[in-house]
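Student: Have a look at this fold, sequence not included:
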């Protein structure tokens with residue numbers, strides 16, 4: 001088995017068998033199940049309720065019910081069951097294929113499409129769709145739950161993602177990701193206009209010390225991260241349309257880096273304002289370009305995914321303000 005190369009290559013979620021959380025001040029009188037579903041991004045509320053029902057979640061050492069009201073400072077312990085390598089069922093789910101050959105398949109992922117199964121998202125994922133389309137001919141390096149998956153993008157981020165059909169291709173792409181030699185350019189709409197044409201954010205990123213749903217810059221165990229950005233245009237005196245190119249790949253890297261310089265991504269209610277004025281379904285972030293050396297031909301190939309309708313519609317609205 002190959003270990004994950006980087007946080008965005010395969011976001012492992014860092015969930016140990018025992019997770020400990022301390023309730024923050026702003027969650028006074030919050031329901032236990034609601035608090036945990038907002039704090040643990042990879043666990044659905046129904047799965048959390050199942051864990052509570054099985055007696056796997058304790059508050060200050062006592063088993064409680066889902067509707068238990070929390071008090072700041074309380075300690076929550078979550079004991080996750082041992083992960084099982086379940087058999088993932090192929091599903092006939094439409095996928096937007098940009099390119100395909102005997103080694104790789106490049107997909108334009110739509111918004112809300114989960115990449116691989118996780119607790120609460122056991123079906124309807126890109127992996128389920130790939131297993132059906134590729135007739136189980138996918139690399140096995142990342143295990144039964146993530147066949148073919150070399151890297152991932154967030155559920156609500158759209159755009160280009162590549163999967164591998166065999167282990168040789170997988171290792172070849174993974175090595176390029178590890179060496180940061182792959183081209184990855186994203187388009188985003190962010191809050192606040194820019195006075196400069198381009199810039200660079202270099203700040204380490206690690207798991208947020210108090211909120212496991214979030215990442216943060218400058219954490220004690222953070223990893224080196226660098227994002228280059230250029231401004232395509234300022235919009236409506238309040239927003240900006242930008243392109244970001246990754247030098248490294250960390251979980252939520254662009255979202256965290258742009259928020260750290262006071263330009264959170266529009267629609268990102270985790271790192272930006274709690275209320276989204278445009279009622280988007282997640283952040284306005286699109287993986288537009290992906291380029292790498294092909295595993296067999298050894299030639300550089302570059303793939304582009306067109307901006308989705310919601311993104312172009314939003315640009316039109318902002319330009320006409």
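Tutor: Perfect, thanks for sending it. If you're wondering where the values come from, they're calculated on a predicted model, not measured in any experiment.
Student: in this structure, which ranges drop under the pLDDT threshold?
Tutor: Scanning the chain for pLDDT under 70 picks out 1-17, 41-42, 82-86, 119-120, 212.
Student: domains for it, by residue range?
Tutor: Domains of the chain are assigned by automatic domain parsing as 18-79, 96-319.
Student: and among those, the most buried is which?
Tutor: For these, the largest average neighbour count (mean count of other Cβ atoms under 10 Å) is found in domain 96-319, namely a mean of 18. Using the backbone N, CA and C atoms, a C-beta is placed for each residue, glycine as well.
Student: ranges for the helices of this structure?
Tutor: 32-39, 45-53, 126-133, 167-178, 253-260, 309-319 (DSSP state H).
Student: ok, and what's touching stretch 207-216?
Tutor: The contact list for stretch 207-216 (Cβ atoms under 8 Å, 6 or more residues apart in numbering) reads 14, 19, 21-22, 24, 38-41, 205-206, 219-222, 250-253, 256, 270-271.
Student: from the chain's centre, how far out does that stretch sit?
Tutor: On the basis of Cα atoms, centre = their mean, to the nearest Å, stretch 207-216 sits 14 Å off its chain's mean C-alpha point.
Student: for that stretch, how far is the first residue from the last?
Tutor: 6 Å (Cα to Cα, to the nearest Å).
Student: And stretch 217-225, by the same measure?
Tutor: Stretch 217-225: ends 9 Å apart by Cα to Cα.
Student: can you check stretch 230-244 too?
Tutor: Terminal-residue distance, stretch 230-244 (Cα to Cα): 7 Å.
Student: And for stretch 301-317?
Tutor: End-to-end for stretch 301-317, by Cα to Cα: 34 Å.
Student: Kindly report the same for stretch 225-245.
Tutor: End to end - Cα to Cα - stretch 225-245 spans 12 Å.
Student: what's in contact with it?
Tutor: Outside stretch 225-245, the residues within contact range by Cβ under 8 Å, 6+ apart are 183-194, 196-205, 217, 246-248, 250, 253-254, 256-258, 263, 266, 288, 315, 318-319, 321.
Student: circling back to that earlier point, can I get the domains of the chain in a markdown table with distance to residue 87?
Tutor: Shown next, in a markdown table, are the domains of the chain (distance: least, Cβ to Cβ, whole Å):
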| stretch | distance to residue 87 |
| --- | --- |
| domain 18-79 | 19 |
| domain 96-319 | 7 |
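Student: can you map out the strands along the stretch 151-300 of the chain?
Tutor: 158-164, 183-191, 198-202, 205-207, 215-217, 226-235, 239-246, 285-293, 300-304 (DSSP state E, counting those that start in this stretch).
Student: next one: the fourth one to chain centre, how far?
Tutor: Strand 205-207 sits 13 Å away from the centroid of its parent chain (Cα atoms, centre = their mean).
Student: How about the third one?
Tutor: The offset between the C-alpha centroid of strand 198-202 and the centroid of the whole chain comes to 21 Å, using Cα atoms, centre = their mean.
Student: For residue 88, find the nearest of the domains of the chain.
Tutor: domain 96-319 (5.9 Å; Cβ to Cβ).
Student: for that closest one, how far is the first residue from the last?
Tutor: So domain 96-319: terminal residues 29 Å apart, Cα to Cα.
Student: do the same with stretch 267-276
Tutor: 5 Å.
Student: contacts for that stretch?
Tutor: With Cβ under 8 Å, 6+ apart, stretch 267-276 has contacts from 156, 191, 213-214, 252, 255-256, 258-259, 264-266, 278, 280-285.
Student: ok, 10 Å please
Tutor: 38, 41, 154, 156, 188-191, 211, 213-216, 252, 254-260, 263-266, 277-285, 310, 314 (Cβ atoms under 10 Å, 6 or more residues apart in numbering).
Student: Contact partners for the most far-flung residue of the chain relative to its centre?
Tutor: Distance from the C-alpha centroid of the chain, by Cα atoms, centre = their mean, peaks at residue 62 (33.1 Å). Shown in contact with residue 62 (Cβ under 10 Å, 6+ apart): residue 68.
Student: Bridged to it, which residues?
Tutor: For residue 62, the beta-bridge partners are residue 59 (DSSP bridges).
Student: Ends of stretch 291-305, what's the gap?
Tutor: Note: stretch 291-305 ends 12 Å apart using Cα to Cα.
Student: returning to what we had before: may I see the strands of the stretch 151-300 of the chain arranged in TSV, with distance to residue 146 as well?
Tutor: Below are the strands of the stretch 151-300 of the chain laid out as TSV (distance: least, Cβ to Cβ, whole Å):
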stretch	distance to residue 146
strand 158-164	10
strand 183-191	19
strand 198-202	29
strand 205-207	20
strand 215-217	20
strand 226-235	25
strand 239-246	21
strand 285-293	18
strand 300-304	21
